[in-house]
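S.K.: What follows is a predicted protein model with its sequence.
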Amino acid sequence: MRNWHKAFIGIVIVAAIVLGWEALSRAGVIAPLYLPAPSSIVSAYRPQLGYGVLLTTGRAVLGFVFGVIVVYVAHFLCVAAGLDKHLDTQFSGARAVPVISVLPLFTIWFGYRETGRLVVVLLATAAFFVAPVHEAYRVLPRQWRLLQKQLSLSTFRYYISVVLPGGLSSLAAAFRIALAIAFTMAIASEYVGAQIGIGKFLDSARITFNVPAIVLTIFLCSIIGVTLDRTLLTLYRRVVYWAGKQPKL
Amino acid sequence: MRILRAWHTFTRSESPIIDIENVPLDWNGLATLSGPSGSGKTTLFRVLSGWYDDDRTVCEFDPAIDRLRQVRFIGAHDSLLPWLSVERNLRFRGFLVEGVGSALEEVGLDREIRSRPVYELSYGMYKRIELLIAIADQPDLLLLDEFFTSIDDEAKTAIRDYVLLARPQYQTLVIAHEQNLRNWLSPVSYSLVLDQARQCVTGIKRL
C-alpha cells in the first residue's frame, strides 16, 4: 500500500512539473531555444529516431562486448608472455589519448562503413576497461596466485580458472563505466558519415536548429543509458553471484 | 628436515623480522608452536610456505624441497575459490567425484554440503575443507595457523585425530596460544626465540 502511495505521489509531482513547464513555455516565460515545451518535444519524434535508437544501442553493446573480449585476450597474452609487470605505463598512455581523436583517421581507413564505427567503440571500451582488469589481476589474493605453481597449472588454465573469475568480483564499476563510454562513443562515431543513428539524428537537429528534437534525444539517451546499466548490473549479479559474499572467517 | 635459512624483512631498508639459521624440525606427526602476539609466528609460516617470493625473503630447507608443493599453510586467509561449490573446489584440487563424499565424512562433515557455495559454510566447516585439500597434497610440512580456535570440542577432536591418522610420517606444526590446547594437541611443543629487542625471530626451540 505504501509503495503505491509513494508511486502515486511521484506521478503527481512529475505531472505537475510537466504541466507547469508546458504552461510557462506557452506563456513565453521559458524561451523555446533553451527549453522547449513538453508538447513540442514529444511531437519532435520521428520514426528514424526510433530506428536510430535501436541501431546506436546495438553498436554500443556490440562494441562493448568486443572491447571486453579484446581486453581479456590482450591481457592474457601479456601475462603469458611475462609482460604484465610493464603494462601499467602502456595502459595509462592508452587512456590519455582521446579515442574520439582517431575518428578522422578511421574515416580515412574504413570510409563511412560500419567497421570504422565499431572499431571506435571497441577501442574506447578497451582503453577504459584494460586498467581495471589489470589492477584486478594485480591484487588477486596471494593464496590464489600460488595455485598456479602449487597445481602446476598452465597459464591458460590458471587465467581461465582463477584470474578471470577471481577478478570479476571487483569489476562491476569498470563494466558499467565501459558500457557508458561505449554508448557515448557509438553516438559520437555517427557524427561522421552515418546514415542513421542517434548521432546522425542529433547532427541533423543541430543543423536545422531543431531544439525540441535535441532535447527529446537527450531524454531518450538517458532512458537507454539507465536501461543498459540496469540490464548489465542484473546480468553481472547473476553471473558473478559470489561478489560481495564473504566467508565466515 | 631442517630449516637451513629463513630470512625476511617487510621493507628493504629495515632490519629483518625473521632471521633463522640451521633449525632442526625433528618430530613426526603433530607439534605446536607458541610465541607472544605479534612476534612473527604467522610471518614465519608465510616465509616457510613460499608466500613471499621477492628479494625480501630467503628460505632454504635441508634437504631442499619445493616449498610451493611440499609445504602447505592454512591461515586466516580464505583459500577456497568462492565461485566454486565445495565439491568443485575439491575436484579443482584433484579429488575424484566419487571420493568427495567419503573425504567430507573423514573430517566430520555431512556429504550434503558438497553442493553448497563455500561462502555459506561456517568457519569450522570452511577450515576443514581447506585441511582436506592440504592433506591430500601430502606436503612434507603442514602449517596450521591458530587452526583450532573458534571450533567446537567435538570438531577439534575429529580434526586432530584425522591429522594424526593421515600424516603420521609427515610433520604438522600448529600455532596455538593456549597451554591447555597445546598439551591436548601434542606433547611436542616449540616456542619462538626472539632477539634481545624482541623485534626479530632468530629461531624456534623445543620446550
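M.R.: Received, thanks. Here the structure is a predicted model, which means the values were calculated and not measured. Numbering: from 1, shown residues only, chains lettered A, B, ... in the order given.
S.K.: Get me the contact residues on chain B for chain A.
M.R.: Contact residues (CB under 8 Å from any CB of the partner chain) of chain B with chain A: B:50-51, B:68-69, B:76-83, B:92-94, B:117-119, B:121-123, B:126, B:137. C-beta here means a position set from N, CA and C on the backbone, and glycine is covered the same way.
S.K.: Derive a PyMOL selection command for the buried subset of the residues you listed.
M.R.: Per 16 or more other CB atoms under 10 Å in any protein chain shown, the buried members of the residues of chain B next to chain A correspond to this PyMOL selection:
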select buried, chain B and resi 50+51+68+69+77+78+79+80+81+82+83+92+93+117+118+119+121+126
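S.K.: Tell me which of the residues of chain B next to chain A fall in helices.
M.R.: B:Leu68, B:Arg69, B:Phe92, B:Tyr123, B:Tyr126 (DSSP state H).
S.K.: so who does the first one touch?
M.R.: Okay, so that is B:Leu68. A:Leu146, A:Lys149, A:Gln150, B:Ser49, B:Gly50 (CB atoms under 8 Å, 6 or more residues apart in numbering or on different chains).
S.K.: I figured the fourth one hits B:Gln70, correct?
M.R.: No - the pair formed by B:Ser49 and B:Gln70 falls short of the contact definition of CB atoms under 8 Å, at 9.7 Å.
S.K.: Those two: which is more packed in?
M.R.: Neighbours were tallied for B:Ser49 and for B:Gln70 using other CB atoms under 10 Å in any protein chain shown; the higher tally belongs to B:Ser49 (24 against 18).
S.K.: From the ones in helices among the residues of chain B next to chain A, which shows the smallest pLDDT?
M.R.: Least confident of these in the model: B:Tyr123, at 88.
S.K.: doesn't B:Phe148 make contact with that residue?
M.R.: No - assessed by CB under 8 Å, B:Tyr123 is found out of contact with B:Phe148, at 11.4 Å.
S.K.: what ranges of the chain fall below the confidence cut-off?
M.R.: Unless you meant another one, I'm taking chain A. For chain A, the stretches flagged by pLDDT under 70 are A:1, A:88-96, A:249.
S.K.: let's do chain B instead
M.R.: Looking along chain B with the criterion set at pLDDT under 70, you get B:13.
S.K.: pull the longest helix from chain A.
M.R.: In chain A, taking DSSP H as the definition, the longest helix is helix A:47-80.
S.K.: Which positions in it come out as buried?
M.R.: Buried-residue list, helix A:47-80, by 16+ other CB under 10 Å: A:49, A:52-53, A:55-57, A:59-64, A:66-68, A:70-72, A:75-76, A:78-79.
S.K.: Please enumerate the helices of chain A.
M.R.: Secondary structure of chain A by DSSP H: the helices cover A:2-26, A:38-43, A:47-80, A:87-96, A:103-110, A:114-138, A:142-145, A:147-150, A:155-158, A:164-168, A:172-189, A:198-207, A:211-239.
S.K.: Tabulate these in TSV, adding columns for distance to B:Pro16.
M.R.: Listed next are these as TSV, based on distance: least, CB to CB, whole Å:
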stretch	distance to B:Pro16
helix A:2-26	62
helix A:38-43	71
helix A:47-80	32
helix A:87-96	29
helix A:103-110	55
helix A:114-138	26
helix A:142-145	20
helix A:147-150	25
helix A:155-158	32
helix A:164-168	31
helix A:172-189	39
helix A:198-207	62
helix A:211-239	44
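S.K.: and B:Ser189, which of those helices is closest to it?
M.R.: helix A:142-145 (27.3 Å; CB to CB).
S.K.: Tell me which residues are up against the closest one.
M.R.: So helix A:142-145 is contacted by A:Val162, A:Gly166, B:Trp51, B:His77, B:Asp78, B:Ser79, B:Leu81 (CB under 8 Å, 6+ apart).
S.K.: ok, so of the residues you listed, who is nearest A:Trp242?
M.R.: So of these, ranked by how close each gets to A:Trp242 (CB to CB), first place is B:Leu81, at 8.8 Å.
S.K.: From chain A, how far off is the residue lying closest to B:Arg111 once chain neighbours are set aside?
M.R.: Closest residue in space to B:Arg111, ignoring its immediate chain neighbours: B:Gly101 at 4.2 Å, by CB to CB, 6 or more residues apart in numbering or on different chains. Going from B:Gly101 to chain A by CB to the nearest CB, to the nearest Å gives 22 Å.
S.K.: Touching the helix or strand where B:Gly101 lies from outside, list them.
M.R.: Taking DSSP states H and E as the definition, B:Gly101 sits inside helix B:97-106. Residues external to helix B:97-106 that are found in contact with it (CB under 8 Å, 6+ apart): B:86-87, B:90-91, B:95, B:110-111, B:113-114, B:129, B:132, B:136, B:162.
S.K.: now with 6 Å?
M.R.: If you take CB atoms under 6 Å, 6 or more residues apart in numbering or on different chains as the criterion, helix B:97-106 is touched by B:Glu87, B:Leu90, B:Arg111, B:Arg114, B:Leu132, B:Tyr162.
S.K.: Would you mark the buried spots in it?
M.R.: If you call a residue buried by 16+ other CB under 10 Å, then helix B:97-106 has these buried ones: B:Val100, B:Ala103, B:Leu104, B:Glu106.
S.K.: ok, now which ones touch A:Asp203?
M.R.: Neighbour list for A:Asp203: A:Tyr191 [criterion: CB under 6 Å, 6+ apart].
S.K.: Could you report the neighbour count for A:Ala182?
M.R.: For A:Ala182, using other CB under 10 Å, the count is 28.
S.K.: Would you mind confirming that it is in contact with A:Ala127?
M.R.: No - the criterion here is CB atoms under 6 Å, and A:Ala182 misses it with A:Ala127 at 10.8 Å.
S.K.: Residues of chain A that sit close to chain B?
M.R.: Within chain A, the residues that sit near chain B (CB under 6 Å from any CB of the partner chain) are A:Gln143, A:Lys149, A:Gln150, A:Pro165, A:Trp242, A:Lys245, A:Pro247, A:Lys248, A:Leu249.
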